[in-house]
Structures are given as structure tokens and as C-alpha cells.
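Student: Here is a sequence with its predicted model. Questions after.
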Amino acid sequence: MRGPLLPQVPTPGPVRIEVPLPLALKSANAWLFPGARPALVDCGIGTPAGHAALIAGVRAAGVDPASLRLFVTHGHIDHAGNAGALQREHGVRLQAPREEALFIESFRRDAVRRHAAFARALVAHGCPPDVVDAAQQRGEGLDAMLEDTPIHDDLRDGQRLVLGDTDATAHHTPGHTPGSTVFLTADNDLLSGDTLLEHITSNAIELLDRDHGRYHQYLATLDGLRRFVGCRALPGHHDTFSLTDALLDGHLAKHNRRSAKVLGHLDRPKSAFQILPEVLPHLAHDQVFLGMCEVVGHLHHLELEGKARTVKDGGVTRFVRA
């Protein structure tokens, strides 16, 4: 004869920890999975306020920071910035795609070379000296928000993981960064990082020659997220949402309209900086660098589609309809 049925204890679900940002997006999400194998997906920006909010959130959930394993969706400062402090103060191991090492492992060490390369690229795309100097100063101000942190274990596409008490699989979704990764749990939650946000159409940081075609790649990745339709998305910023075909269609339509707008302004050879105010007329002064990356990405995308071509004019790259 069977004994009485015992009440089932629900598996602890992911806990959202909002980490404040000194950026246009006011906060980033770190997702904590309590349970037998506590895990953190993303860890926020490495400012004193960001670090304090992260540790407070972990402890409020009853988790000892020293018991954590850390995974990141990508290596940008607002998602991986506290990795170094977690390692140094609590011995937390980091697992991340090897493609993100350029951001995570050598961010500060490469700062001078990186800023110089971006400055040359801005000049090549038509930016005047004052704009270049302002972008460089802003970039230098961000350097302290992520310290160089070794990746202990590479995170591979298709790798199976345990987050807390939940099985999960890592899926490589390149474009926003070379190694951007989403995590699909057995509970049908998709930790989407910045690859997919609900109300913001993400882009790629595409300015250097090495990044040519990254935005084009991101669009293919975005369309490929249809295999996750029906999931609950746990994004890198803002609230959870349902992943639907309609949402993806809407995002892709916004990208297509922006590309069409860029193409429409190529009535004569123009640099990316000349096109910037025509396409993004209300861009804030401190967002010029990101705006340039977006416009360059669209121009390269049009070039790859055979709709635009480049011409060199006195050391400046200009684009014209093909």
C-alpha cells in the first residue's frame, strides 16, 4: 500500500538581479539560479554600485557568492564587468565563449591599442577631430568598469550545463559580439543577453575592419531565433517577455526600414558620419560612437547585399548606391 503523497517542492527558478548602469540603459540583468549547483548568468557592470547590487542580490536569495559558477552571454562591460571581482573575492570560476576573450581577458591590457584603432576608424569614416576626441574620452572612461579576467573554461556551442537545479544548453548566436551566446533551460526559459531584447533592436559594434559583416551576421542570427519561439525570454535588460514570431518579424522589419533609410540617403557618395544625422537625427552627443557603429553596420550590410559600394576620397571611405 502506498504511503501519502508528499507535496512537491518547486525547483527554485531564476532570480533576476537588477544591476544599475551609468549608461543610457539604466540597468542590466544578472540571472541567478539557486539550487544544488548555484549559477549566475551575467554579472553586471564593474562599478562600486554595480558590484554592491550584485552581491546584495545573490545573498538576498540565500546563496553564498563563493558557491557560484559564472556564465556570460557576452563580454561587454555591462554583462561581464563584475567577473574579476567575483573571482578575486570569492573564487568564482568563469565559463565563457573563447571568442569573447578579447573583451574579457585583455580589455584593459589592450585599451590603448583599441582606442587608437577606433580613432583611426572614426577618421576613416569621416568624423572630425572633436568627435573623435570625445568618443575616445568616453571610451577611456569605461575602461575601469571591467578588469581583465581569465576564462577558466571555454563555453562551446551546444554544451549541456546545469544551472542551479535546471538543465540547460548553450547556443552560439554571433553578431552582437563574435561569441554571443543564449542559454535554453529545460523549463523553456531563454537567457537571451543582448541578442534579443523586447523593445530595443540590438546591433553590432561594427567599425573596425576585423568586424566587417558582423551586423549582417546578426540579422541572420536574429531570424534563426525562430527555433526558440514559445520560450520565455530572460533578457540582458528590462523585463521578461514571450518570444513570438511576431516579435522577431517586428524587429527584422525595423532593421530593414533602417537599412532602406540609409540606402535612400546615398544620393551621392557619403561617409558614415555624413549619413549619421540623416538617419539618427536625435542621437545624443554621448551616443555618437554607437550611432557610427550602427550606420557603418548598415552600410556594410548594403554592400554585402550588392546595393552599395565604397569609394575612397582623400583617405575617407564613402558609400554610394551600387
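Tutor: That came through, no problem.
Student: Quick check: which ranges of the stretch 1-150 of the chain have low pLDDT?
Tutor: By pLDDT under 70, the weakly predicted segments of the stretch 1-150 of the chain are 1-12.
Student: how about the helices in it?
Tutor: Secondary structure of the stretch 1-150 of the chain by DSSP state H, counting those that start in this stretch: the helices cover 48-60, 77-80, 83-90, 101-104, 111-124, 129-142.
Student: what's the fifth one packed up against?
Tutor: It refers to helix 111-124. If you count contacts as 3 or more Cβ pairs under 8 Å, 6 or more residues apart in numbering; DSSP states H and E, helix 111-124 packs onto helix 129-142, helix 288-304, strand 316-321. For the C-beta atoms, the positions are set from N, CA and C on the backbone; glycine is no exception.
Student: how about it: buried residues?
Tutor: A111, R114, H115, F118, A119, A121, L122, V123, A124 (16 or more other Cβ atoms under 10 Å).
Student: Can you show me the CA trace of it as PDB?
Tutor: Extracted C-alpha coordinates of helix 111-124, given in PDB (Å, rounded to 0.1, in the frame of the first residue of the first chain):
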ATOM      1  CA  ALA A 111      42.900  49.600 -24.100                       C
ATOM      2  CA  VAL A 112      45.500  51.900 -25.700                       C
ATOM      3  CA  ARG A 113      45.700  49.900 -28.900                       C
ATOM      4  CA  ARG A 114      41.900  49.500 -29.000                       C
ATOM      5  CA  HIS A 115      41.200  53.300 -28.600                       C
ATOM      6  CA  ALA A 116      43.800  54.100 -31.200                       C
ATOM      7  CA  ALA A 117      42.200  51.600 -33.700                       C
ATOM      8  CA  PHE A 118      38.700  53.100 -33.100                       C
ATOM      9  CA  ALA A 119      40.000  56.600 -33.500                       C
ATOM     10  CA  ARG A 120      41.600  55.700 -36.900                       C
ATOM     11  CA  ALA A 121      38.300  54.000 -38.000                       C
ATOM     12  CA  LEU A 122      36.200  57.100 -37.000                       C
ATOM     13  CA  VAL A 123      38.500  59.300 -39.000                       C
ATOM     14  CA  ALA A 124      38.300  56.900 -42.000                       C
END
